[in-house]
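1. coordinates only, sequence not included:
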């Protein structure tokens, strides 16, 4: 039996090791992806010439959204790879692609040197990163759900978002170090913004080497004989209800997640009027708080079920989004901003901590990575990746608050799905097809 086909050991220490290695790779991928958002205030002038900073940020946000357009392709491609060739191989290839995208940004010439070709290079890098992340979610969600023991799947799977948020937090901490310790603002704008992308490319190589040591999951190996082609049409035709559920589950949660992570960096700067360093410090504090909530909610879901947490997010998000964002719009206090964003995370984390395991529990082993990754990537492309661009478009039109109601409405639509779905803790496809 080849190393890639060995069953993952079932003892708690070996299981924990597999989860840690899988999660660290996830952190590196999301660090690379979010470095774009964290440093866009600095590199936007190098690729999008304009005297209006809002226009520059809008252009950067459009490219951020463009990376999400290709995520469904990545969700299918890497989902197929994970379902046909193994979770381990898919996780390795995805982190290699992220390395390539980050490296391109690190070395790309500016608009002043090669004109529009610089913007094209940036777009190419984001497309490669979008493909990578499109597959990372389904493969890593599947891997973590299959390697975890049944009594603690919610807890272990929550580390997908611990590391996902940790990736963004790491990007912000790198920004803090560059802002406070190593570089002046002029140096950051001139060339310092390249440093985090170079770091990301190097870390991706380390993650690739670590993922080479992962064992394949027992569920994948045991289901080898029942594996169909797992094309997108096959998954939709055979599991239409589950696919629709993933879309409904994801819409409100992904819109909220990208609002309170990616877009907040720009919102605090352009709307609340915070300085670069104060914006970074507020975001770092709230992301630390958010990452601590993930395993707490994950463990809670193992005791009381997944559905109560999703319903809590839906209700609190629908009611609380507009007041929180309206208060953020008017505050000039970093402490108040931190408190408001932490309040938002109290309900957003009820979704982020368990959404991966809920989706994994919907599908049988043979199509799990594709079933989770593809509809998720489509929904994130529509509702998640577009959130910063929609918000900035409303701001440019002079109606920034319209976005607050848009977000509340999207969360409210997902609440209807949460209310009507079964609790996957009590009826998990992982147990039926393990």
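-> Nice, thanks for sending it over. Remember, predicted model here, so these are calculated numbers, not experimental data.

2. does residue 274 belong to a helix or a strand, and which?
-> Under the criterion DSSP states H and E, no helix or strand holds residue 274.

3. who's in contact with it?
-> 268, 282, 332, 334, 337 (CB atoms under 8 Å, 6 or more residues apart in numbering). For glycine as for every other residue, the C-beta is placed from the backbone atoms N, C-alpha and C.

4. Mind giving me the packing neighbours of the strand or helix carrying the first one?
-> Secondary structure here is read from DSSP H and E; on that basis residue 268 sits in helix 264-270. Where contact means 3 or more CB pairs under 8 Å, 6 or more residues apart in numbering; DSSP states H and E, helix 264-270 is packed against helix 12-47, helix 53-69, helix 276-304, helix 387-396.

5. same thing but at 10 Å, please
-> helix 12-47, helix 53-69, helix 159-177, helix 276-304, helix 307-330, helix 334-352, helix 387-396 (3 or more CB pairs under 10 Å, 6 or more residues apart in numbering; DSSP states H and E).

6. which residues sit in contact with the residue most central in space within the chain?
-> Nearest to the mean C-alpha position of the chain, by CA atoms, centre = their mean, lies residue 164 at 5.7 Å. Counting by CB atoms under 10 Å, 6 or more residues apart in numbering, residue 164 makes contact with 23, 26-27, 29-31, 33-34, 133, 136-137, 140, 257, 261, 291, 294, 352, 356.

7. what's the pLDDT at it?
-> In this model, residue 164 is scored at 84, pLDDT.

8. Count the residues that sit near residue 117.
-> 12 (other CB atoms under 10 Å).

9. pLDDT of the helix or strand harbouring it, averaged?
-> Residue 117 is located in helix 116-147, with elements delineated by DSSP H and E. Averaging pLDDT along helix 116-147 yields 80.

10. ok, and for it, which residues are buried?
-> 118-119, 121-122, 125-147 (16 or more other CB atoms under 10 Å).

11. That helix to helix 12-47, inter-axis angle?
-> Helix 116-147 runs at 170 degrees relative to helix 12-47, counting by axes from the mean of the first three to the mean of the last three CA atoms, to 10 degrees.

12. the inter-axis angle of helix 116-147 versus helix 159-177?
-> Using the same axes, to 10 degrees: helix 116-147 against helix 159-177 is 140 degrees.

13. let's number from 52 now, not from 1
-> Sure, I'll start counting at 52 from here, so that last one is helix 167-198.

14. what separates residue 168 from residue 377, distance-wise?
-> Using CB to CB, to the nearest Å, residue 168 is found at 42 Å from residue 377.

15. quick one: residue 236 and residue 93 touch, right?
-> Yes - between residue 236 and residue 93 there is a contact under CB atoms under 10 Å: 8.4 Å.

16. more crowded one of the two?
-> Higher neighbour count among residue 236 and residue 93: residue 93, with 23 against 14, using other CB under 10 Å.

17. which residue packs closest to the more buried one, ignoring adjacent ones?
-> residue 244 (4.2 Å; CB to CB, 6 or more residues apart in numbering).

18. do residue 214 as well
-> residue 78 (3.8 Å).

19. quick one: contacts for the one you found?
-> 210-211, 213-221, 254, 258.

20. Next: residue 249.
-> So residue 249 contacts 153, 154, 156, 157, 158 (CB under 10 Å, 6+ apart).

21. quick one: what helix or strand has residue 430 in it?
-> helix 419-430.
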